[in-house]
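Trainee: got a structure for you, letters missing:
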């Protein structure tokens, strides 16, 4: 094999794309169930600004009363940065020319890249939860990109951690104070109810502190023992979990269940569990660029190179979407 013609390289490249995609789809992913996946625009990142509207309606107390016209009010600004992930490998001239199954080698290589892409997306998505309570924030929340500086830095849009505790309340645009994380909780029927009530009766307010309907649809847990606990709480048909057999289980099918083996916050002491809404429009995973695989000749040493790169990021537009029990107290 004196060298590879252009049509041979194109054929190998096509096979690599197919192998990468097949490997990517081998194992089900969870990031695309927890987040709403958005096809991102062609840019280094994204920014959007919330519009709060003009406020409450005015009740007329007399006939022919004038309408009170007001200007719309801006809320928070949300930012997303599209991170680039890449990998590459060198194939020497001799290695290429001395092998009779170069196509198999490249397909196997591309298959491992498919796995790597899936792992990176799962890791970034789960970091939103695993690092969501960090008081110093985390890079995954920093939406600064070319031409746009995220004023919240490593925090979410209101300069608070995604999951904040009672001692570190956050404020709405109208001044109400809230928290969406409760420390030192372990997953139990009583603690599930505590978190559910926090969502539906305390935090069911918008940025103007007006009542809204806020109903979680998913209990998200770490895999293993926490998943089995959740199943006993939500799917028990024999009575109240931990109670008498003739007690009615009020939590039966209250929400759906999902476990994610990438979750790790508080594992061993207070394993974090989360209650919220999967695939919510305000919890976004932006896919800026699908994997691009390149296979080409390096004229400096007559060898060959193969590379892959992909781009994605997250945008958090509403802290109310997910609430946390347990986890780290920081």
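Mentor: Alright, I've got the coordinates. Model, not experiment: these values are computed from the prediction.
Trainee: And for residue 199, the neighbour number?
Mentor: Here the number of neighbours of residue 199 (other Cβ atoms under 10 Å) works out to 20. In this view, the C-beta of every residue, glycine as well, is placed from N, C-alpha and C.
Trainee: if I look at the closest residue to residue 68 other than its chain neighbours, how far off is residue 138?
Mentor: Nearest non-adjacent residue to residue 68, counting by Cβ to Cβ, 6 or more residues apart in numbering: residue 58, 5.2 Å away. Distance, residue 58 to residue 138, using Cβ to Cβ, to the nearest Å: 44 Å.
Trainee: With residue 65 instead?
Mentor: For residue 65, the distance to residue 138 equals 52 Å [Cβ to Cβ].
Trainee: and what of residue 86?
Mentor: Taken as Cβ to Cβ, the span from residue 86 to residue 138 is 21 Å.
Trainee: Those two: which has the busier surroundings?
Mentor: Between residue 86 and residue 138, counted using other Cβ under 10 Å, residue 138 has the larger neighbour count: 17 against 11.
Trainee: now the helices for the protein?
Mentor: 6-24, 31-34, 93-98, 102-130, 189-197, 225-235 (DSSP state H).
Trainee: The fourth one vs helix 6-24, what angle?
Mentor: Direction vectors for helix 102-130 and helix 6-24, defined by axes from the mean of the first three to the mean of the last three Cα atoms, to 10 degrees, enclose an angle of 40 degrees.
Trainee: and helix 102-130, average pLDDT?
Mentor: Per-region confidence: helix 102-130 scores 93 on mean pLDDT.
Trainee: And for stretch 196-209?
Mentor: Averaging the model's pLDDT scores along stretch 196-209 yields 97.
Trainee: how far does stretch 212-223 stretch from start to finish?
Mentor: Stretch 212-223 has its terminal residues 32 Å apart, counting by Cα to Cα, to the nearest Å.
Trainee: Just the buried residues of it, please?
Mentor: For stretch 212-223, burial by neighbour count (16 or more other Cβ atoms under 10 Å) applies to 214, 216, 218-222.
Trainee: try stretch 283-292
Mentor: For stretch 283-292, the neighbour count (16+ other Cβ under 10 Å) marks 283-288, 291 as buried.
Trainee: Including pLDDT, could these go into TSV?
Mentor: Below are these laid out as TSV (pLDDT from 0 to 100):
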residue	pLDDT
283	98
284	98
285	98
286	98
287	97
288	96
291	94
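Trainee: Of the residues you listed, which pair is most distant in space?
Mentor: 283 and 291 (23.3 Å; Cβ to Cβ).
Trainee: mind listing what's buried in stretch 193-201?
Mentor: Quick answer for stretch 193-201 (16+ other Cβ under 10 Å): 195-196, 198-199.
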